[in-house]
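S.K.: Okay, sequence plus prediction incoming.
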Amino acid sequence: MTRPVRDRGYVHPEYLVETDWLADHVSDPTHRVVDARSDEDYAASHIPGAVHISGFSLGTVGPESAMTFARRVGLRGIDEQTPVIVYDGGGPSQLAGMTSWAFKYYGHPNVRYMDGGMAKWMTSGLPVTSDRPTPEPRTFTPDPVDDLLCSLDQAKAGVADGSVVFWDVRTDGEFDGTEASWNPLPRPGHIPGAAHLNYVELFDADDGTLRPANELTTLLGAKGITPESTIASY
């Protein structure tokens, strides 16, 4: 049985919420729940009250995209004072992580990730709906956090001087160039010197929750991905 978030040894357990916590707060009008899955999955069923921002629809993220992001989240009833909880399908999925990161990059101070995602919510017998909420629009003022983004120029410099650990999160085949990516690339392979650990390894295979801190530290440390490093993932 998966241990509660508070017992997994994370430095910041407050960045995660569990399904039972969200079930108790899902009707709280001061919070906004964000479904980061595909349009089709959201339309079929979602957590009651959840708005939709697909992780794959964010496009290029950077200072030039700040106002586009601000308009999108503002129309979904989110400003900087709105606590946000993001979820995806659960298990080895990138979508909630991508969306949570975008909120953090654009300066939102209170965004959390629902551990286990929709899969755990469903297996817990919690309610779902296909109704789309219509929240009152709010004004989100973006304040990009430059330290969270690695530009191409920074990446080039990091390769040249070895100051950055590049973490390639793709499959073995994508990393070694023997397998086509879901996003076709003009050339196979990876950034020279990159560490490789497929992101799916971060999740418990049984219920799709994040693995405990000691397991994550061992996995990452074996690849040279340590807290002391400057890390750029891709």
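M.R.: That came in fine, so what should we check first?
S.K.: What's the local residue count around P186?
M.R.: 4 (other Cβ atoms under 10 Å). Using the backbone N, CA and C atoms, a C-beta is placed for each residue, glycine as well.
S.K.: Adjust the sequence numbering to begin at 14 for everything that follows.
M.R.: Yes, from this point I'll number from 14; that puts the last item at P199.
S.K.: I'd like to know how far it sits from D181.
M.R.: Counting by Cβ to Cβ, to the nearest Å, the gap from P199 to D181 is 17 Å.
S.K.: Check L223 too.
M.R.: Counting by Cβ to Cβ, the gap from L223 to D181 is 20 Å.
S.K.: do the same with S58
M.R.: For S58, the distance to D181 equals 34 Å [Cβ to Cβ].
S.K.: Tell me which of those two has more neighbours.
M.R.: More crowded of S58 and D181, by other Cβ under 10 Å: D181, with 19 against 15.
S.K.: Thought A208 was touching the more buried one, still the case?
M.R.: Yes. Using Cβ atoms under 8 Å, D181 makes contact with A208 at a distance of 6.8 Å.
S.K.: what's across from H65 in the sheet?
M.R.: Assessed by DSSP bridges, H65 has beta-bridge partners D48.
S.K.: Helix or strand: which one has G62?
M.R.: Assessed by DSSP states H and E, G62 sits outside every helix and strand.
S.K.: what sits against it?
M.R.: V39, S40, V46, P146 (Cβ atoms under 8 Å, 6 or more residues apart in numbering).
S.K.: Quick check on V30: phi, psi?
M.R.: Note on V30: its backbone torsions stand at phi -130, psi 150 [degrees, to the nearest 10].
S.K.: For this structure, just list every one of the helices.
M.R.: With DSSP state H as the criterion, the chain has helices at 32-38, 52-57, 79-88, 108-118, 130-136, 165-174, 185-189, 226-234.
S.K.: Figure out which of these is closest to T15.
M.R.: helix 130-136 (8.9 Å; Cβ to Cβ).
S.K.: Quick one: list the elements packing against the closest one.
M.R.: The contact analysis (3 or more Cβ pairs under 8 Å, 6 or more residues apart in numbering; DSSP states H and E) places helix 130-136 against helix 32-38, strand 97-100.
S.K.: Residue ranges in the protein under the pLDDT threshold?
M.R.: Within the chain, the segments meeting pLDDT under 70 span 14.
S.K.: Can you give the domain ranges for the chain?
M.R.: Using automatic domain parsing, the domain ranges for the chain come out as 18-158, 163-246.
S.K.: And the residue nearest the centre of this structure?
M.R.: G110 (0.5 Å; Cα atoms, centre = their mean).
S.K.: Apart from its chain neighbours, what residue comes closest to it?
M.R.: Excluding its sequence neighbours, the residue lying closest to G110 (Cβ to Cβ, 6 or more residues apart in numbering) is Y126, at 7.0 Å.
S.K.: What residues does that neighbour make contact with?
M.R.: Residues in contact with Y126, defined by Cβ under 8 Å, 6+ apart, are Y28, L29, V30, I98, V99, Y100, A109, G110, S113.
S.K.: rerun at 10 Å
M.R.: With contacts defined as Cβ atoms under 10 Å, 6 or more residues apart in numbering, the neighbours of Y126 are 28-30, 49, 97-101, 109-110, 112-114, 223.
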